[in-house]
Structure formats: structure tokens, C-alpha cells
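Student: Fold the following for me, if possible:
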Amino acid sequence: GVSYEAVVYARPDLKFLDAIDAGQVLAVPSKTILDPYWHRWSGLNDRVLVCSRDAAAVVAARIELAPAYAARTFLRAESFLQFVVRAHGLR
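Tutor: Numbers count the residues shown, from 1 in each chain. Below you'll find the predicted structure:
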């Protein structure tokens, strides 16, 4: 299969106004997720994420934690993403 150093997740309704610096994306340390500082809504912004390879795998599989999370609180994308990041020891 294909191996990636980093992954950029972007929602399809997002419009990029500035270029993404590939050098910065590739320099993301292990177990790291970068999200914009805007629209965090008591969590982490889910509109665009830059993830290291190991963090990207966690983000891609986050749906597995959704039922347990939703059983105890309202599932809002931003707070759920923050829960997933903390549960897996990501930064």
C-alpha cells in the first residue's frame, strides 16, 4: 500500500483562501494534529486538520468511539474530535 508522512483532512464545504505549505505539513511531529484556531465550538475545529501519519489513523477511525461518546453527551463534531484526541494521547 501507499505510505504517507502526513494527511490533510478538509471538509468538502471548506474554501481555502491561502495556499497550504507542504513543508509545514510534512514537518508535523508524530502524534500531532493541527487545527485552525477559529470555530472550535468548545472543542477542535473539524473543518480542516493537518495530521501526522499516526494521528491521521486515529482521526480516520474516530467513528468507532462515537456510540460511547453519544451515550453520555450530545455528539457535536468539535467536542467529539477533542475527546478522540485526548483519548488517544494526541497533541
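Student: Quick one: distance of the top helix by length along the chain to the chain centre.
Tutor: Counting by DSSP state H, the longest helix found in the chain is helix 77-87. Distance, stretch centre to chain centre, for helix 77-87: 9 Å (C-alpha atoms, centre = their mean, to the nearest Å).
Student: pLDDT averaged over that helix, what's the number?
Tutor: The average pLDDT within helix 77-87 is 94.
Student: and that helix, which residues are buried?
Tutor: The neighbour-count check on helix 77-87 (16 or more other C-beta atoms under 10 Å) flags 78-85 as buried. Placement of C-beta: from N, CA and C, glycine included.
Student: Touching, residue 9 and residue 45? I think so.
Tutor: No. Assessed by C-beta atoms under 8 Å, residue 9 is found out of contact with residue 45, at 10.8 Å.
Student: hmm, back to that, return the member of the buried residues of helix 77-87 nearest to residue 58.
Tutor: Nearest to residue 58 among the buried residues of helix 77-87 is residue 84, at 6.5 Å by C-beta to C-beta.
Student: Next, the residue most central in space within the chain: phi, psi?
Tutor: Per C-alpha atoms, centre = their mean, the C-alpha nearest to the average position across the chain is that of residue 49, at 4.6 Å. When read as degrees, to the nearest 10, the backbone of residue 49 gives phi -130, psi 140.
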